[in-house]
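Peer 1: predicted model follows, preceded by the sequence.
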Amino acid sequence: VPFAAGGRPEAVHWLHRLTVLAAGAAVALVVLAVWQLREPAPWLRRGALALGVLFLAQVLSGALNIWSELSEAARVLHLALGSALWAVLVVIAVAGRYGSAPSPADARAPAPAVGASRARA
């Protein structure tokens with residue numbers, strides 16, 4: 001059992017890895033959900049693509065932390081990518097909520113009647 005071998009620091013490390021697996025599944029679900037929409041808002045699709053790319057970069061920067069024995073540059077990169085991931089999640093949330101909302105000008109225009117046809121001249 002990895003939690004018992006190295007004590008608390010190792011347990012925290014393994015918990016972080018397990019959390020990354022869960023986050024990876026959540027990221028994959030968000031990206032797939034956006035990609036399956038018929039006409040997502042442009043920012044929503046771009047945000048989902050950025051989320052997937054940033055998540056992969058974040059995982060690689062986490063590995064870089066291990067390979068570089070926690071060099072300062074690797075730690076800064078890992079934290080910066082984590083912040084960028086949060087920012088992209090905010091963009092996705094806002095675009096998902098408000099991206100397809102009609103503009104105020106659209107709200108003023110009357111909607112065409114159901115079944116109405118054009119008048120012939």
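Peer 2: Now that the structure is in, tell me what you want to look at.

Peer 1: when you work out contacts or count neighbours from here on, use the C-alpha atoms and nothing else.
Peer 2: Noted.

Peer 1: dead centre of this structure: give me the residue that sits there.
Peer 2: What sits nearest the mean C-alpha location of the chain, by C-alpha atoms, centre = their mean, is Leu51, with 3.8 Å.

Peer 1: how far away is it from Arg38?
Peer 2: 19 Å (C-alpha to C-alpha, to the nearest Å).

Peer 1: can you check Ala73 too?
Peer 2: For Ala73 relative to Arg38 (C-alpha to C-alpha), the value is 41 Å.

Peer 1: and for Ser61?
Peer 2: Ser61 is 34 Å from Arg38, by C-alpha to C-alpha.

Peer 1: quick one: which of these two has more around it?
Peer 2: Ser61 (21 against 7; other C-alpha atoms under 10 Å).

Peer 1: tell me what the strand or helix carrying that one is packed against?
Peer 2: Element membership of Ser61 [criterion: DSSP states H and E] is helix 42-67. Under the contact criterion of 3 or more C-alpha pairs under 8 Å, 6 or more residues apart in numbering; DSSP states H and E, helix 42-67 touches helix 8-35, helix 72-98.

Peer 1: Ile66: which of those is closest?
Peer 2: If you check each of those against Ile66 by C-alpha to C-alpha, helix 72-98 wins as the nearest, at 8.9 Å.

Peer 1: just the angle between that closest one and helix 42-67, please?
Peer 2: 160 degrees (axes from the mean of the first three to the mean of the last three C-alpha atoms, to 10 degrees).

Peer 1: tell me the helices and strands packed up against helix 72-98.
Peer 2: Helix 72-98 packs on helix 42-67, going by 3+ C-alpha pairs under 8 Å, 6+ apart.

Peer 1: tell me which residues of the helix it packs on come out buried.
Peer 2: Buried residues in helix 42-67, counted by 16 or more other C-alpha atoms under 10 Å: 44-45, 47-52, 54-55, 57-59, 61-62, 64-65.
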